[in-house]
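Chemist: Generate a structure from the sequence data that follows.
(one chain, ligands or ions: 1)
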Amino acid sequence: MVQDVPDQGPERASARRPLSLGARWRRWRNARVASPRFQSWASANPLTRRTARADGERLFDLVAGFVHSQVLFALVELDLLAELSAAPRPAADLARRHRIDPQRMEALLRAGTALGLLERAWDGYQTARLGAAAMGVPGLADMIRHHSVFYRDMADPLALLRDEADTELSHFWPYVFGGGMPSDVAARYSGLMAESQGLVAEETLRAVEFRGIRRLMDVGGGTGAFLTALGRAVPEPDLVLFDLPEVAPGARARFDAAGLSGRVTIVPGSFRTDALPQGADAISLVRVLYDHADETVAALLATVREALPEGGRLIVSEPMTGAARPERAGDVYFAFYCMAMRTGRARSPGEIARLMRAAGFESVTHRPTARPFVTSVVEGRKPVRHEA
Ligand SMILES: C[S@@+](CC[C@H](N)C(=O)[O-])C[C@H]1O[C@@H](n2cnc3c(N)ncnc32)[C@H](O)[C@@H]1O
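Modeler: Sure thing, here's the model as predicted:
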């Protein structure tokens, strides 16, 4: 389903509306809910105790969320999800092999079981369905490992919010500040992005019609994981990858391995300082805009418009916020991740559409995806000038 993105962002529209009757009622109700006496009464009353219990459990999950994440981190770091999907094992065996006290290993396995990642099997444990699903998400294990960096930045959320911290993530993604970088740094972040590209490409390819494009240029395309997926799925378009020179060698190797080298041109350069090559009738920006501040995005969109012919398409694919309805992936995880990078910002489809319109794009539409926590898509066109 294609949705027109309204000119007026829903988040702004709702800010101007007077407080509704429903919102006022909820405020009155919440003042009662906040009282410990009410909580005690509600948890015993047959009419309210289910809601009170559900609220209590949700609250406890929020309070304990960082412990849950670290239990998952430990399971991934020890590779236990994979090991226990091959065969069940008793805790004592695992304790010996991983040099962890048996009681503590048992505690980790019980924690993994409580979180639904593992299950009891005979006298030991095996991977449960949720744990198996985690293994089936390409790049998830690398993402979880990489969270040791993000986790340290989240340790002082107020410093993060006040922009007082020299965050580790801003050093992990050095290009956000626009300078040069050693090639091993580019290889490190490119590897992580490429690993997690599988699902992004899958969702983007489902949401967007790529047939009919003659030449597609992926700007900020990293080591070409998106173009590789596109090239395999859609045989027609010629492909162009534009990214920083440090990233190009990784892209070349990937296209060679995929047998796509004959179809792809790699153009090294910086969209901050270089014009983009002409000739593509569609340009994609996959997980690029959220790395950058509004001014950089505005300049990039103008550069993209310049490179496109009249009627040319711009496809933006990245995780987005929920606008009037904040949601967990975009408004919690990606919003804080971008904050820790210190330059970018997760945006709603409406905000991206406004930036695109301001850069001179029209027919801007939001193409919802099945997994918005992976990516969402906004597409627009460079207008066709009609002679008077
Ligand atoms: C978050 S990564 C996304 C990579 C890829 N599109 C993906 O989704 O896997 C952002 C990419 O933008 C590239 N990039 C950052 N600044 C750039 C610039 N000034 N010019 C060209 N590419 C740039 C980075 O090198 C990196 O490959």
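
Chemist: For the closest residue to residue 51 other than its chain neighbours, give me its contacts.
Modeler: Here the nearest residue to residue 51 in space, its sequence neighbours aside, is residue 42; by CB to CB, 6 or more residues apart in numbering that works out to 7.3 Å. To be clear about C-beta, it is placed using only N, CA and C from the backbone, and glycine gets the same treatment. Taking CB atoms under 8 Å, 6 or more residues apart in numbering, we find residue 42 in contact with 33, 48, 49, 51, 52.

Chemist: any idea how far residue 42 lies from residue 29?
Modeler: Computed as CB to CB, to the nearest Å, the residue 42 to residue 29 distance reads 11 Å.

Chemist: low-confidence ranges in the chain?
Modeler: Low-confidence segments of the chain, defined by pLDDT under 70: 1-4, 6-16, 179-182, 388.

Chemist: Name the single longest helix found in it.
Modeler: helix 49-77 (DSSP state H).

Chemist: which other helices and strands contact that one?
Modeler: helix 36-44, helix 102-114, helix 140-154 (3 or more CB pairs under 8 Å, 6 or more residues apart in numbering; DSSP states H and E).

Chemist: Mind checking what helix or strand follows it in sequence?
Modeler: helix 80-86 (DSSP states H and E).

Chemist: quick one: buried residues of that following helix?
Modeler: 80, 81, 83, 84 (16 or more other CB atoms under 10 Å).

Chemist: Alpha carbons of it, as CSV, please.
Modeler: Once non-C-alpha atoms are left out, helix 80-86 reads as follows in CSV (Å, rounded to 0.1, in the frame of the first residue of the first chain):
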residue,chain,number,x,y,z
LEU,A,80,25.5,-20.7,23.1
LEU,A,81,22.4,-20.2,20.8
ALA,A,82,24.2,-22.0,18.0
GLU,A,83,25.8,-24.6,20.3
LEU,A,84,22.5,-25.5,22.0
SER,A,85,20.6,-25.7,18.7
ALA,A,86,22.9,-28.5,17.6
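
Chemist: just to revisit the earlier point, which one of the contacts of residue 42 has the most neighbours?
Modeler: Counting neighbours by other CB atoms under 10 Å, residue 52 leads those with 18 neighbours.

Chemist: Now do the strands in this protein.
Modeler: All strands of the chain, identified by DSSP state E, fall at 3-4, 118-121, 124-127, 215-219, 238-243, 264-268, 282-286, 313-318, 362-367, 376-381.

Chemist: From the chain's centroid, how far away is the third one?
Modeler: What it means is strand 124-127. Centroid displacement of strand 124-127 relative to its chain, using CA atoms, centre = their mean, to the nearest Å, is 30 Å.

Chemist: What is the burial count for residue 230?
Modeler: Residue 230 has 24 neighbours, counted by other CB under 10 Å.

Chemist: Quick check: it touching residue 238?
Modeler: No: look at residue 230 against residue 238 with CB atoms under 8 Å: they stay out of range, at 11.3 Å.

Chemist: Common neighbours of these two, please.
Modeler: residue 216.

Chemist: which parts of the protein sit against the ligand?
Modeler: Those residues of the chain that sit near the ligand, judged by CB under 6 Å from any ligand atom, are 175, 190, 193, 197, 200, 220-222, 225-226, 243-244, 247, 270-272, 286-288, 291.

Chemist: ok, 8 Å please
Modeler: Within the chain, the positions lying close to the ligand (CB under 8 Å from any ligand atom) are 173, 175-176, 178, 186, 189-190, 193-194, 196-197, 200, 218-223, 225-226, 242-244, 246-247, 269-274, 285-288, 290-292, 317-318.

Chemist: Going by neighbour count, which of those residues are buried?
Modeler: For the residues of the chain next to the ligand, buried by 16+ other CB under 10 Å: 173, 175-176, 186, 189-190, 193-194, 196-197, 200, 218-223, 225-226, 242-244, 246-247, 269, 271, 285-288, 290-292, 317-318.
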